[in-house]
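Undergrad: Quick one: sequence plus predicted model below, questions after.
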Amino acid sequence: MAIPLAAIERVSKKAGVHRISYPALKELQRLLDELGLELALEAAQVARHAHRKTIMKNDIKLVSRKPQS
């Protein structure tokens with residue numbers, strides 16, 4: 001479930017990056033996949049706690065504000 005490298009490069013350019021190496025793109029891809037999975041798992045727990053099967057926008061907002069450990 002990898003985020004396409006082109007999308008990561010596009011976002012990097014929007015952030016002001018002029019050039020990014022392939023290894024840097026691959027590492028950023030790995031980190032974003034890992035972070036996305038962690039957020040989705042935590043949001044699923046929040047939804048289950050609220051007796052829902054559907055993750056809502058507010059669930060994502062809630063878990064994304066949580067301090068990283």
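TA: Cool, the structure landed.

Undergrad: Buried residues in the helix or strand containing Lys13, which are they?
TA: Applying DSSP states H and E as the criterion places Lys13 in helix 5-14. Within helix 5-14, the residues that qualify as buried by neighbour count (16 or more other CB atoms under 10 Å) are Ile8, Glu9, Ser12. C-beta coordinates here come from the backbone N, C-alpha and C atoms, glycine included.

Undergrad: Redo those residues as CSV? Include distance to Leu41 and pLDDT.
TA: Formatted as CSV, the entries for the buried residues of helix 5-14 read as follows, by distance: CB to CB, whole Å; pLDDT from 0 to 100:
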residue, distance to Leu41, pLDDT
Ile8, 21, 95
Glu9, 27, 95
Ser12, 26, 94
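
Undergrad: So which residues make contact with the helix holding Lys13?
TA: Ile20, Leu25, Lys26, Leu28, Gln29, Leu32 (CB atoms under 8 Å, 6 or more residues apart in numbering).

Undergrad: Tabulate those residues (CSV), appending distance to Gln45 and secondary structure.
TA: Formatted as CSV, these follow (distance: CB to CB, whole Å; DSSP: H, G, I helix; E, B strand; the rest coil):
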residue, distance to Gln45, secondary structure
Ile20, 34, coil
Leu25, 31, helix
Lys26, 29, helix
Leu28, 26, helix
Gln29, 25, helix
Leu32, 21, helix
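
Undergrad: Just the buried ones among these, please.
TA: In the contacts of helix 5-14, burial by neighbour count holds for Leu28, Gln29, counting by 16+ other CB under 10 Å.

Undergrad: tell me which of the contacts of helix 5-14 is nearest to Ala47?
TA: Taking CB to CB as the measure, Ala47 lies nearest Leu32 of the contacts of helix 5-14, at 21.9 Å.

Undergrad: pLDDT wise, what is that closest one at?
TA: According to the model's per-residue confidence, Leu32 sits at a pLDDT of 95.

Undergrad: pLDDT of stretch 49-58, averaged?
TA: What stretch 49-58 shows for mean pLDDT is 97.
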